[in-house]
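What would the 3D arrangement of this be:
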Amino acid sequence: MPLKSGKSQDVVKNNIKTLVHEWEDQGKIGTSRPKSKKKAIKQAVAISLKKAGKSRSQQKGTKR
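Just a heads-up that it's a prediction; the model follows:
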C-alpha cells in the first residue's frame, strides 16, 4: 500500500502503522526483512519521517 504524503504528525503515524502492519503480514518492509518487531518499528519510523521530510529531532519537538 502506498504511503501518504504530508508533514503532519497524523500522516506520519498512519504511515508507521501501515509499514508495521505490512511487516506483520509479509515479514518485510519494502525489500528489507527486519527480524524483530522492534527493528521493524524503528525502520518504519525512519521511512515515515524521510517521506515527510523531517528528522527525528523535529518529530520529538526538540530543536538543535
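
now do the same end-to-end measure for stretch 25-44.
Its start and end residues considered, stretch 25-44 measures 14 Å (Cα to Cα, to the nearest Å).

rounded to a whole number, what's the mean pLDDT of it?
The pLDDT scores in stretch 25-44 average 94.

what's that stretch in contact with?
15, 16, 19, 20, 22, 23, 24, 47 (Cβ atoms under 8 Å, 6 or more residues apart in numbering). C-betas here are computed from N, CA, C, even on glycine.

hmm, 7 Å instead?
16, 19, 20, 22, 23 (Cβ atoms under 7 Å, 6 or more residues apart in numbering).

What about these, which are in helices?
Taking DSSP state H, the ones among those that sit in helices are 16, 19, 20, 22, 23.

Can I get those in a markdown table including neighbour count and distance to residue 40?
Below are the ones in helices among the contacts of stretch 25-44 laid out as a markdown table (neighbours: other Cβ atoms under 10 Å; distance: Cβ to Cβ, whole Å):
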| residue | neighbour count | distance to residue 40 |
| --- | --- | --- |
| 16 | 19 | 10 |
| 19 | 23 | 8 |
| 20 | 18 | 6 |
| 22 | 16 | 9 |
| 23 | 21 | 4 |
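
could you dump these to JSON lines with distance to residue 35?
JSON lines is the format used below for those (distance: Cβ to Cβ, whole Å):
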{"residue": "16", "distance to residue 35": "18"}
{"residue": "19", "distance to residue 35": "16"}
{"residue": "20", "distance to residue 35": "14"}
{"residue": "22", "distance to residue 35": "15"}
{"residue": "23", "distance to residue 35": "10"}
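
Which helix or strand contains residue 6?
Secondary structure assignment for residue 6, by DSSP states H and E: no helix or strand.

Show the backbone phi and psi for the closest residue to it other than its chain neighbours.
Nearest residue to residue 6 in three dimensions, chain neighbours excluded: residue 52, at 6.7 Å (Cβ to Cβ, 6 or more residues apart in numbering). When quoted as degrees, to the nearest 10, the phi and psi of residue 52 stand at phi -80, psi -10.

how about residue 52, what does it touch?
6, 7, 11, 12.
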